[in-house]
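Participant: predicted model and sequence below, questions to follow.
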Amino acid sequence: MQGVEKSNDLLSRLYFSSTNPAENPLLTMLQKLYRMLEMNFQDEKERDAMTTFARTGVYDFV
């Protein structure tokens, strides 16, 4: 992909990690990053809020 450099930071490793390139590598990277973040939430309410945010882009802080 022109203009995208491989480096050793987290996002580059996620983007270029697949040996079998995905049809939509950016979406695949975001899904993998979401799964990594999801593991940090022990409380079920926090996981539900994160899931809602991932689907809608809106996080309700109230």
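Facilitator: Looks like it came in fine.
Participant: distance check, residue 41 against residue 50.
Facilitator: With the distance defined as C-beta to C-beta, to the nearest Å, residue 41 ends up 6 Å from residue 50. C-beta coordinates here come from the backbone N, C-alpha and C atoms, glycine included.
Participant: right, I mislabeled it, should have said residue 34
Facilitator: The gap separating residue 34 from residue 50 is 8 Å, by C-beta to C-beta.
Participant: cool, and residue 31?
Facilitator: Taking C-beta to C-beta as the measure, residue 31 falls 13 Å from residue 50.
Participant: name the helix or strand for residue 50, please.
Facilitator: Element membership for residue 50, per DSSP states H and E: helix 44-56.
Participant: got the buried residues for that helix?
Facilitator: Judged by neighbour count (16 or more other C-beta atoms under 10 Å), helix 44-56 contains these buried residues: 50, 54.
Participant: from here on, count from 897
Facilitator: All set: I'll call the first residue 897, so the last point we hit is now helix 940-952.
Participant: pLDDT on that helix, on average?
Facilitator: Summarised as a single mean, pLDDT over helix 940-952 is 79.
Participant: list the helices and strands it packs on?
Facilitator: Helix 940-952 sits against helix 921-934, with contacts defined as 3 or more C-beta pairs under 8 Å, 6 or more residues apart in numbering; DSSP states H and E.
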